[in-house]
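# Mind folding the following:
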Amino acid sequence: QMRNRAQTIGRRELPRGRVVMAAELYLEQLIQAFGEIDTLDLAPTVAGDMIVYEMVVPIAGALLDDATALVAREGEVHEAVERVAPWLVGVVALRYVAAEASP
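Numbers count the residues shown, from 1 in each chain. Below is the predicted model:
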């Protein structure tokens, strides 16, 4: 059953154009909300029977520990994307991680 499920997921045609557009737009808004972002990973991952594109966003550890401030800034990002391109909201999933400290 798991093999059949994996094969079914693997045969799906992915909306790469929308994913790239969403990633670019989200990156622009993330930079405005969080400041300069050194690196950003965008990778497909399997969630249930869906392929989800996850943007791994490194941010300051202090902000990562302040859930209220983080949620407020993330809300600004989603609202900005929704104003410009509402069909792209939800195309990528955001996951925040602590940015590595610079030496």
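# So what sits opposite M55 in the bridge?
Beta-bridge pairing of M55 under DSSP bridges involves L42, L94.
# For it, give me its contacts.
23, 26-27, 30, 40-42, 92-95 (Cβ atoms under 8 Å, 6 or more residues apart in numbering). The C-beta positions use only the backbone N, C-alpha and C, and glycine is treated the same way.
# Just give me the neighbour total for L63.
16 (other Cβ atoms under 10 Å).
# Can you point out the buried residues in the host helix or strand of it?
L63 is part of helix 61-65 when elements are defined by DSSP states H and E. Using 16 or more other Cβ atoms under 10 Å as the burial criterion, the residues of helix 61-65 that qualify are L63.
# Alpha carbons of that helix, as PDB, please.
Extracted C-alpha coordinates of helix 61-65, given in PDB (Å, rounded to 0.1, in the frame of the first residue of the first chain):
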ATOM      1  CA  GLY A  61      16.800  33.300  17.600                       C
ATOM      2  CA  ALA A  62      15.300  36.000  19.800                       C
ATOM      3  CA  LEU A  63      12.400  36.500  17.400                       C
ATOM      4  CA  LEU A  64      12.000  32.700  17.100                       C
ATOM      5  CA  ASP A  65      11.500  32.600  20.900                       C
END
